[in-house]
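1. Sequence and predicted structure are below.
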Amino acid sequence: MFSMKTTSITPNLTQLTRLHFVNAFLVREDDGFTLIDTTMGGAADALIAAASQAGGSIRRVALTHGHGDHVGSVDPLKEKLGHEVEVLMPELDARIHAGEKIVAGKLPGSWPTLRTKPDVLLVGGDRVGSLEVVASPGHSPGHVAYLDTRDQALVAGDVYTTYGSAAVSNHFYARFPFAAMATWDKAKDLESARALRALDPAILAVGHGPALRQPGAAMDRAITRSSK
Ligand SMILES: [Zn+2]
């Protein structure tokens, strides 16, 4: 079993890091945890163990987007957790996983075949417990972020990475080039980076890299660099 590094970010938010570079998150709710993203395959047992160590069980699995390093353990989680645990996926990425061709040309990034059909299709403005779903397309067509309405912590998926400093995933960044390589629409991704900055989050938590506190200035610099 792979171990997860556990980092408490706020009383409501725990970051789970696998192999130093892929994050999932536990969001505390009254009934247990919402798990945001699942990392790659083979992580289900470690994710379940991390939740029980944090004092609850996983009640639902909400995904930021359909790439393999985020949805990789959805199938075994669904099997182990049972059907009452819902899987929530952004609508467009779920349609891509279902085999629909919704964009012209080849989609970058890995889109592994999933057995699990999501129980809930998400669009911007939806609520998942305390989280508001924020449409943030570009890295993938359906990409969403999650804003905790209790404390303004933002789980931004792959719109930003935070290795060394914050960077928008629309351009090649030597510290973590994989995010840019997987990005579908660079202009939309930058637009989404701006929209997430405009939420003025208290915390920026991302799929790849450490969480940042009071991230406004770092997000501004990232947007400036990526707009050049
Ligand atoms: Zn991605």
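-> Done, it's in.
2. Give the pairing partners of the longest strand along the chain; include direction for each.
-> Using DSSP state E to assign secondary structure, the strand with the most residues in the chain is strand 22-29. Based on DSSP bridges, the strands next to strand 22-29 in the sheet, each with its direction, are strand 13-18 (antiparallel), strand 32-36 (antiparallel).
3. does any part of it sit near the ion?
-> No - Strand 22-29 stays clear of the ion (C-beta under 5 Å from the ion), getting no nearer than 9.9 Å. For the C-beta atoms, the positions are set from N, CA and C on the backbone; glycine is no exception.
4. Show me what counts as buried in that strand.
-> By 16 or more other C-beta atoms under 10 Å, the buried positions in strand 22-29 come out as 22-29.
5. just to revisit the earlier point, and of the strands paired with strand 22-29, who's closest to Asp151?
-> Minimum separation from Asp151 across the strands paired with strand 22-29 (C-beta to C-beta) falls at strand 13-18, 8.0 Å.
6. And for that closest one, what's in contact with it?
-> Surrounding strand 13-18, the residues in contact under the criterion C-beta atoms under 8 Å, 6 or more residues apart in numbering are 2, 4-9, 23-28, 39-40, 43, 46-47, 50, 54, 148, 151, 153, 155, 203, 205, 210-211.
7. Using PyMOL, define a selection of the buried residues within the residues you listed.
-> If you want just the buried ones from these in PyMOL, going by 16+ other C-beta under 10 Å, the selection is:
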select buried, resi 4+9+23+24+25+26+27+28+39+40+43+46+47+50+54+148+153+155+203+205+211
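8. right, and the helix or strand after the least confident helix or strand in the chain by mean pLDDT?
-> Taking mean pLDDT, DSSP states H and E as the measure, the helix or strand of the chain with the lowest value is helix 177-181, at a mean of 84. Moving toward the C-terminus from helix 177-181, the first helix or strand encountered (DSSP states H and E) is helix 186-198.
9. starting at the chain centroid, how far to the helix or strand just after that following helix?
-> As assigned by DSSP H and E, the chain's next helix or strand after helix 186-198 is strand 203-205. Once both centres are worked out by C-alpha atoms, centre = their mean, to the nearest Å, strand 203-205 turns out to sit 11 Å from its chain's centre.
10. Contacts only, for Cys184.
-> Check again: residue 184 is Trp, not Cys. Listed by C-beta under 8 Å, 6+ apart, the contact partners of Trp184 are 103, 107-109, 138-141.
11. Mind checking which of those land in helices?
-> Of the contacts of Trp184, none are assigned to helices by DSSP state H.
12. Which among these count as buried?
-> 107, 109, 138-141.
13. So which residues on this structure come close to the ion?
-> 67, 158, 182.
14. my guess is the second one contacts Thr64, does it?
-> Pointing back at Asp158 there. Yes - Asp158 lies in contact with Thr64 (C-beta atoms under 8 Å); the separation is 6.9 Å.
15. Show me the common contact partners of the two, please.
-> Overlap of the contact sets of Asp158 and Thr64 (by C-beta under 8 Å, 6+ apart) consists of 70, 143, 207.
16. mind showing which ranges of this protein have poor pLDDT?
-> Under the criterion of pLDDT under 70, the regions of the chain flagged as low confidence span 1-2.
17. One more pass at 50, please.
-> Scanning the chain for pLDDT under 50 picks out nothing.
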